[in-house]
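Engineer: Got a predicted model here, sequence first, then my questions.
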Amino acid sequence: MIIATGDEVNMHIFLDTANIDQIRQAAKLGIISGVTTNPSLVSKEKATNYEATIKEICSIIHGPVSVEVIAEETQDMIKQARDIVTWAPNVVIKIPATVAGLEATSILSKEGIRVNFTLCFSLNQALLGARAGAAYVSPFVGRLDDIGDNGMQLVKDIVGVYEHYHLSTEVIAASIRHPQHCVEAAKAGAHIATVPYSVLIQMIQHPLTDIGVTRFLSDWKRISQK
Ligand code: G3P
């Protein structure tokens, strides 16, 4: 069953990986609402069977699992999307924010297929994706920062404009590189931050927590030895 994220106000955490071990580990924490993959992430895993990998991910995480089409023409994207959605009920189709992708998003959304409009680098792309009926839009924060732009400002702008026009498309802060990006995504009002496993672990870690645990334990040992 797909976890509906749109009816809640808190920022959901998705895992941005195709690594099955990481997904299993993260699932145990009980706070992962979905997964996002892309062709680069899947190819890193050297998985021999794309479909089997995605099916396994969908069986571990029951929330939305984004799977990207690997095509440049509208009709090819649509054909692939219609096939991929049969793999599992919680699959969401990632479509790039191109002209061909916009047309495919409009058609697929009208069929009730949930689209994650991805590789989004501008407010105009996000606006058009929402008009086309995309369930999600993915501004790539880190990649904008990489070229000296301000990725999080784009997230803020999209959230603000969607709210202003009551557009129901959810904003996924993507291309997250470090825990501060997650803090900023939450402050920006992103509905979701999709994070690599390493960033997820960094989010929970704090040296003062570790020092505190060690001190509590040693104090407790001293008392119990009296
Ligand atoms: O969520 C999108 C992500 O997979 C891209 O991240 O680090 O390759 O820009 P990155």
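Structural biologist: Arrived safely, thanks for sending.
Engineer: got the residues of this structure near the ligand?
Structural biologist: Within the chain, the positions adjacent to the ligand are 16, 36, 38, 41, 140, 142-143, 174-175, 194 by CB under 6 Å from any ligand atom. Placement of C-beta: from N, CA and C, glycine included.
Engineer: go with 5 Å
Structural biologist: 16, 142-143, 174-175 (CB under 5 Å from any ligand atom).
Engineer: So how do I select the buried members of those in PyMOL?
Structural biologist: Burial among these is assessed by 16 or more other CB atoms under 10 Å; the matching PyMOL selection reads:
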select buried, resi 16+174+175
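Engineer: For the residues of the chain next to the ligand, give me JSON lines that also has secondary structure and distance to Leu108.
Structural biologist: What follows is the residues of the chain next to the ligand, written out as JSON lines (DSSP: H, G, I helix; E, B strand; the rest coil; distance: CB to CB, whole Å):
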{"residue": "Asp16", "secondary structure": "strand", "distance to Leu108": "22"}
{"residue": "Gly142", "secondary structure": "helix", "distance to Leu108": "27"}
{"residue": "Arg143", "secondary structure": "helix", "distance to Leu108": "24"}
{"residue": "Ala174", "secondary structure": "strand", "distance to Leu108": "19"}
{"residue": "Ser175", "secondary structure": "coil", "distance to Leu108": "23"}
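Engineer: got any ranges where the chain has weak pLDDT?
Structural biologist: Residue ranges of the chain with pLDDT under 70: 1-9, 47, 226.
Engineer: In it, what residue spans correspond to helices?
Structural biologist: Along the chain, the segments classed as helices by DSSP state H run 20-28, 39-44, 50-60, 74-84, 99-110, 123-131, 141-146, 151-164, 179-188, 197-204, 207-225.
Engineer: Excluding residues flanking it in the chain, which one is nearest Tyr197?
Structural biologist: Gln22 (4.0 Å; CB to CB, 6 or more residues apart in numbering).
Engineer: From Ser40, how far off is the one you found?
Structural biologist: 15 Å (CB to CB, to the nearest Å).
Engineer: The two: which is more packed in?
Structural biologist: The neighbour comparison of Gln22 against Ser40 (other CB atoms under 10 Å) goes to Gln22, with 19 against 9.
Engineer: any idea how far the ligand is from that one?
Structural biologist: 13 Å (CB to the nearest ligand atom, to the nearest Å).
Engineer: Ile211 too?
Structural biologist: Counting by CB to the nearest ligand atom, the gap from Ile211 to the ligand is 31 Å.
Engineer: Nearest residue to the middle of this protein?
Structural biologist: Thr194 (3.4 Å; CA atoms, centre = their mean).
Engineer: re the thing from before, correct me, but the residue nearest to Tyr197 touches Val195?
Structural biologist: No: using CB atoms under 8 Å, Gln22 makes no contact with Val195, being 10.9 Å away.
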